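In: Here is my input, please return the structure:
(chains A and B)
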Amino acid sequence: MKLHPRLVNLLGILLVLALWQMAGQSLGDALLATPVQAAQALVGTLSEGAFWAALWRMMWQMMIGYLLALGIGVPLGIAMGRMPTVDAVVKPWASMFIVISAAAIVPLFIILMGRGLLFSTAIVFVVTVWYVVIAITEAARSVSPRLINVARSFAASDFQRFRFVILPALHPYVMIAARVGFVHALRAMVTAEMFISAGYGGLLNDAGLDLSTAPLFALIVILMVVSISATTLLRRIADRAAPWYASRTQDR
Amino acid sequence: MAHLTVSNVSKSFGDVPVLVDQSLEVEEGEFVALLGPSGCGKSTLLQIINGLVAADRGTIVLDGKDITGKTGAGRGMVFQGADLFPWRTAIENVAFGLEVMGVGKAERLEQARHYLHLVGLTGFENSWPHQLSGGMQQRVGIARAFCIRPSLLLMDEPFGALDVQTRDILQDELVRIWEAERKMVLFVTHGIEEALYLADRILVFSKRPAHVLRELVVPFERPRRESMKLDPLFLELRREISDLLRHDMNA
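Out: Residues are numbered from 1 along each chain as shown, chains lettered A, B, ... in the order given. Next up is the predicted model:
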């Protein structure tokens, strides 16, 4: 018997929810709220004005840092992938900074920048940009030299080789970097807000002190939904913008 | 009048000499095959003529202009593995050369459509390369080279990666297209039969460093037909070249 993949997906989710429900019922909601309790808390959270304000604050501040990371990370990655000198200068720093988690640098950034927009944006940027840089560097380095030779043999100038070969070859990888970068940016933003007890991170802090774990689960589920929706949207955009890549990889 | 003169080209990779003092001429409308064992340096010679590889010494003159070390300018190249741009549809791949030259979109697509039709791919204009078979991809590669209307067509083992049946079909197609639009062709191959079937003249190259062992004018009339491959003279020439190459390899 062959099951539809979506059905298998759904069955897997239901199985985990059932196990969670059983574990929650035996442990009690102070330790582990059940999915049913979390769902009830979710409905309550969604009806609060403060929640929406916090979500909005987190999203727009994060987007600034995220878009900056893409805007600087993509060109820097291309330069590193195509120019050995730039790579030699930047690569050691990239390899070092990429291992630093948001939590490790937040205290320093608070001292340097206070607790305002500059602080959150800077944390998101510093954590996200290196993932973008490393991904794009690898992609730029592996652009097919044969295709570049084809362009050369048709007398394409440096600029034309960049415009007609390197940029289109990188396009799918930029979209992948945008997806991976979004997840890192969101995580960094939440961490930063938890330290300064503001916005969505602040709500998470407060929920953590609650007697029931249900509101905390509700907030975490919302965060997951935000992340999955954003990456799904980015994937849709990528498929539409690079149909050749989408149709070549759809069977996998 | 179209004419290619290659004079005294030498090339080494590090300490390994690949070409020593090689010269050749191609007349207007002539189909010349460069035949030799794999890795002998004939492809390098083609890339030097194309301008992708710089020669250590020597000059390339096409239609009276010195084009040594320059790409473009009158030459269209067909690559071994077709090497189409995966992000361009078939028609956009064919139009690539014209786009680089700055030809307007409507004009270049019309030209590309014409050449796609000529290679028998009408209806596949908007297919992505990965949706085409190897033989169809190479048809697009041939159309791409023809589309810039070069006076010299350079082909680097264009059918080397294809199965025998597809290769036979594409050889006939190439002859048909070329007879409709005669231009100079330099065709690199290690297939003796392929060289005899396609070319007006064959330059048989030695092992590395490559030099011409023998120059052979192919005595068969055009248009060529599949049946000539069974002609006693064809078989005789095939064996002669085969012996020549084997003798050279063992020398």
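
In: What number of residues are in the vicinity of residue 82?
Out: Looking at chain A here, since you left the chain open. When neighbours are counted by other CB atoms under 10 Å in any protein chain shown, A:Arg82 registers 15. The C-beta positions use only the backbone N, C-alpha and C, and glycine is treated the same way.

In: um, chain B though
Out: Count around B:Ala82 with other CB under 10 Å applied: 23.

In: hang on, it packs against B:Ala143?
Out: No. Checked against CB atoms under 8 Å, the pair B:Ala82 and B:Ala143 is beyond contact range at 10.6 Å.

In: Got the phi and psi for B:Leu62?
Out: For B:Leu62, the backbone dihedrals (degrees, to the nearest 10) come out as phi -120, psi 120.

In: Verify the contact between it and B:Arg75 for me.
Out: Yes. The criterion here is CB under 8 Å, and B:Leu62 meets it with B:Arg75 at 7.1 Å.

In: Let me know the helix or strand that B:Phe124 is in.
Out: Assigned by DSSP states H and E, B:Phe124 falls within no helix or strand.

In: show me what contacts it?
Out: B:90, B:116, B:132, B:136 (CB atoms under 8 Å, 6 or more residues apart in numbering or on different chains).

In: separation between the second one and chain A?
Out: Okay, so that is B:Leu116. 17 Å (CB to the nearest CB, to the nearest Å).

In: Find residues that contact each of B:Leu62 and B:Arg75.
Out: In terms of CB under 8 Å, 6+ apart, B:Leu62 and B:Arg75 are both contacted by the residues B:151-152.

In: and these two? which has more neighbours close in?
Out: B:Arg75 (26 against 23).

In: Contact distance from chain A - what residues of the stretch 51-200 of chain B qualify?
Out: B:51-52, B:70-73, B:75, B:77, B:79, B:81, B:83, B:85-89, B:96-97, B:99-101, B:128, B:130-131, B:148 (CB under 8 Å from any CB of the partner chain).

In: which sections of the chain are below the confidence cut-off?
Out: Let's take chain A. A:1-3, A:249-252 (pLDDT under 70).

In: nope, chain B
Out: In chain B, residues with pLDDT under 70: B:1.

In: Next, name the residue at the spatial heart of it.
Out: B:Met155 (1.8 Å; CA atoms, centre = their mean).

In: mind listing what that residue touches?
Out: By CB under 8 Å, 6+ apart, the contact set of B:Met155 is B:77-78, B:145, B:185-188.

In: how about it, secondary structure?
Out: strand (DSSP: H, G, I helix; E, B strand; the rest coil).

In: now the closest residue to chain B within the stretch 51-200 of chain A, what's its secondary structure?
Out: Sorted by distance to chain B under CB to the nearest CB, the residues of the stretch 51-200 of chain A start with A:Ala155, at 2.4 Å. When classified by three-state DSSP, A:Ala155 comes out as coil.

In: thinking it is in contact with B:Glu99, fair?
Out: No. The criterion here is CB under 8 Å, and A:Ala155 misses it with B:Glu99 at 11.6 Å.

In: all helices in chain A, in order from the N-terminus.
Out: A:5-27, A:35-46, A:49-82, A:84-97, A:102-113, A:117-141, A:145-153, A:158-161, A:167-196, A:199-209, A:214-241, A:243-249 (DSSP state H).

In: For the ones you listed, give me JSON lines that also has distance to B:Ala33.
Out: JSON lines is the format used below for the helices of chain A (distance: least, CB to CB, whole Å):
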{"stretch": "helix A:5-27", "distance to B:Ala33": "53"}
{"stretch": "helix A:35-46", "distance to B:Ala33": "74"}
{"stretch": "helix A:49-82", "distance to B:Ala33": "38"}
{"stretch": "helix A:84-97", "distance to B:Ala33": "40"}
{"stretch": "helix A:102-113", "distance to B:Ala33": "64"}
{"stretch": "helix A:117-141", "distance to B:Ala33": "37"}
{"stretch": "helix A:145-153", "distance to B:Ala33": "20"}
{"stretch": "helix A:158-161", "distance to B:Ala33": "31"}
{"stretch": "helix A:167-196", "distance to B:Ala33": "34"}
{"stretch": "helix A:199-209", "distance to B:Ala33": "71"}
{"stretch": "helix A:214-241", "distance to B:Ala33": "44"}
{"stretch": "helix A:243-249", "distance to B:Ala33": "35"}
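
In: Which among these is found nearest to B:Arg222?
Out: Closest approach to B:Arg222 among the helices of chain A is made by helix A:145-153 (28.3 Å; CB to CB).

In: Just the residues contacting that closest one, thanks.
Out: By CB under 8 Å, 6+ apart, helix A:145-153 touches A:160-161, A:164-166, A:169, B:50-52, B:71-72, B:75, B:77, B:79, B:81, B:83, B:85, B:96, B:100.

In: Leaving out chain neighbours, which residue sits closest to B:Gln137?
Out: B:Ala82 (4.0 Å; CB to CB, 6 or more residues apart in numbering or on different chains).

In: got the contact list for A:Arg57?
Out: A:198-200.

In: Give me the number of neighbouring residues for residue 151.
Out: Just so you know, I chose chain A. Burial of A:Ala151 is recorded as 22 neighbouring residues (other CB under 10 Å).

In: my bad, the chain I had in mind was chain B
Out: Using other CB under 10 Å, the number of residues around B:Ser151 comes to 18.

In: ditto for B:Asn8
Out: Counted with other CB under 10 Å, B:Asn8 comes out at 13.

In: name the element it belongs to?
Out: In the assignment (DSSP H and E), B:Asn8 maps to strand B:3-13.

In: Summarise which helices and strands that strand is packed against.
Out: In terms of contacts (3 or more CB pairs under 8 Å, 6 or more residues apart in numbering or on different chains; DSSP states H and E), strand B:3-13 is packed against strand B:16-27, helix B:42-50, strand B:57-62, strand B:184-189.

In: export the ones you listed to JSON lines and tack on distance to A:Arg236?
Out: Formatted as JSON lines, those follow (distance: least, CB to CB, whole Å):
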{"stretch": "strand B:16-27", "distance to A:Arg236": "51"}
{"stretch": "helix B:42-50", "distance to A:Arg236": "42"}
{"stretch": "strand B:57-62", "distance to A:Arg236": "49"}
{"stretch": "strand B:184-189", "distance to A:Arg236": "45"}
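
In: From A:Ile72, how far off is the residue in chain B that chain A sits nearest to?
Out: Ranked by CB to the nearest CB, the top residue of chain B for proximity to chain A is B:Gly72, at 2.4 Å. Going from B:Gly72 to A:Ile72 by CB to CB, to the nearest Å gives 35 Å.

In: Spell out which parts of the stretch 1-150 of chain A neighbour chain B.
Out: So the stretch 1-150 of chain A meets chain B at A:146-147, A:149-150 (CB under 8 Å from any CB).

In: Please identify, among those, the one with the most neighbours.
Out: Counting by other CB under 10 Å, top hit in the residues of the stretch 1-150 of chain A next to chain B: A:Val150 with 26 neighbours.

In: Please name the spatially closest residue to B:Thr71 (chain neighbours excluded).
Out: B:Gly51 (3.8 Å).

In: That neighbour touches B:Lys70, doesn't it?
Out: Yes. Using CB under 8 Å, B:Gly51 is in contact with B:Lys70, at 4.9 Å.
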